[in-house]
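Trainee: no sequence on hand, only this structure:
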C-alpha cells in the first residue's frame, strides 16, 4: 500500500547522532526540523521520501483540515492520497510510562485525597495500589485484555501509536504472569506498538511473609523465562520498596540479562536516582523530589529521566525539575503515567500541555520528549522522527502550528492519526 500526504507542514525532531537510538539531550531538545511544505510518500508502512514543495499554499493563511468524513482523500486501488492542506504533520507520540492494564476503580479514594489524606497514607492503610491489586487478582486474563484494548483505542485516538504498559498489580507470580500475558495478547490486536514492562517491585504485600525474597527468587525467574528480554521495574519509595531491596532486585534482573527501569523520587529522595545511573538503568521515572545532585548524576549518565506532569496535577502540585535536568545536559521524556489512582489521563496532548505549563518546557522540548526520546528509551530507532526509512506513525494536526499541542487544553488538536502508513 502506498500513502501520499500532500501539502504538509512537516515538523520533526532532527537526529544529531550517528547512533539511531540515541536520545536528544540538553539544548538540542529545543530545536525541531521544519519543512514548510512537502509531500510525504509512504510505502508498506514506512516513509520512503519527503519531497519539499514551492507553491502558493505555503504563503496562504494556514487552513484547518476538516474533521468530518469529507476529509480530502483520493483512493486509487493500492494508492491513497491525503491533502493536508498546509496542516502540520508530526511523529505520533510514544507514551513510555503507563499502567493501563488494570481492573476496578479508585474513585472513593479520590474523595479522601480531596479531603487532604496523603497518597502514602492511603497506601499504608491498604488502599491505593493494593486496592487495584485485589481487583486484578479477581479478573480473568481475557477481561484484563479487553479492558486494556478499550483504553488503548482511546490512547491511539489521542495520538499515541507506541505505548508502554506495566504489570505490577499482581504482587504474586501467577497474577504478574497473567497481566503480562494480557498485555502480550492485546499487543497482537492493537494497530500500534505495545511494549510490556514487568513492574515486579510495585508495592510490598505485608500479608505475605518473605515477600521481597519470593519476588526475586520465584517471580523474577518465571517472568524472565516466559518473557525474555523484558524490562524490570520497581517503585523505590517510603512504604514501598527500599533502596536496598530495589538494588537486590535489579542486580538479579541484570544477571538474567534483563534491562531495568525504576520509579524514584516521587515523594522522597532515597538515593535511587544516583544508584540507577550507576547501574545503567534505562530510565528513572517521577523525579518530583530529586535533588540537584540527583539530577546532575542523571544528566551525566546514559539513563533517561521520565517526568509525569499529570501525576502532579492530580495529586499534590509537585513536579519534576525537568528544566534543571535539561539545562544540565540530560535527556528527558514525558509520559501520561495513566493509572487508576494517581494519573487518570490517557492523552499525551494533555501531558504536553501540562509539561509546558508546569515543567517549564518549551513546546519544542515537549514534542521531543514525547516522540524521539521515549522511542529511544523503548529501544526503537525507526519512529519518533519523520525521515526516509522511519515507520509511518504520524499525526496530522488541526492547523499549521505545532504549538497548538501545548496551547490547547482538553480535546486533542489532532485531525488524523496514521499508524504504520494506515489512516485510523
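Mentor: It's in. Only a predicted model underlies this, so the values are computations on that prediction, with no experimental measurement involved.
Trainee: what about the strands in the stretch 51-200 of the chain?
Mentor: Ranges of strands within the stretch 51-200 of the chain are 73-76, 79-83, 88-91, 93-95, 160-166, 193-201, based on DSSP state E, counting those that start in this stretch.
Trainee: quick one, the host helix or strand of residue 3 and strand 79-83 angle?
Mentor: Element membership for residue 3 (DSSP states H and E) is strand 2-13. If you take axes from the mean of the first three to the mean of the last three CA atoms, to 10 degrees, strand 2-13 sits at 40 degrees to strand 79-83.
Trainee: after strand 2-13, which helix or strand is next? Please name it.
Mentor: Strand 2-13 is succeeded, C-terminally, by strand 32-43 (DSSP H and E).
Trainee: centre of the chain versus that next one, how much separation?
Mentor: Distance, stretch centre to chain centre, for strand 32-43: 24 Å (CA atoms, centre = their mean, to the nearest Å).
Trainee: average pLDDT for that strand?
Mentor: On average, the pLDDT along strand 32-43 is 97.
Trainee: and it, what other elements does it pack with?
Mentor: Packing partners of strand 32-43 (3 or more CB pairs under 8 Å, 6 or more residues apart in numbering; DSSP states H and E): strand 2-13, strand 46-52, helix 363-368. The way it works is simple: take the backbone N, C-alpha and C, and place the C-beta from them, glycine included.
Trainee: so who does residue 318 touch?
Mentor: In this structure, residue 318 makes contact with 288-289, 312, judged by CB atoms under 8 Å, 6 or more residues apart in numbering.
Trainee: follow-up on the earlier one: sheet-wise, list the partners of the strand holding residue 3 with their directions.
Mentor: Here strand 2-13 is paired, per DSSP bridges, with strand 32-43 (antiparallel), strand 79-83 (parallel), strand 88-91 (parallel).
Trainee: can you tell me which of those strands is packed in deepest?
Mentor: Across those, averaging neighbours per residue (mean count of other CB atoms under 10 Å) puts strand 88-91 on top, at a mean of 26.
Trainee: about what we covered before: okay if I get the helices and strands packed on strand 32-43 as JSON lines plus mean pLDDT, distance to residue 327 and mean neighbour count?
Mentor: What follows is these, written out as JSON lines (pLDDT from 0 to 100; distance: least, CB to CB, whole Å; neighbours: other CB atoms under 10 Å):
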{"stretch": "strand 2-13", "mean pLDDT": "97", "distance to residue 327": "19", "mean neighbour count": "23"}
{"stretch": "strand 46-52", "mean pLDDT": "98", "distance to residue 327": "32", "mean neighbour count": "15"}
{"stretch": "helix 363-368", "mean pLDDT": "98", "distance to residue 327": "11", "mean neighbour count": "26"}
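Trainee: turn those into a markdown table, including distance to residue 161.
Mentor: Below are the helices and strands packed on strand 32-43 laid out as a markdown table (distance: least, CB to CB, whole Å):
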| stretch | distance to residue 161 |
| --- | --- |
| strand 2-13 | 15 |
| strand 46-52 | 14 |
| helix 363-368 | 15 |
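Trainee: confidence-wise, which of the strands of the stretch 51-200 of the chain is weakest overall?
Mentor: Mean pLDDT values for the strands of the stretch 51-200 of the chain show the minimum at strand 73-76, a mean of 50.
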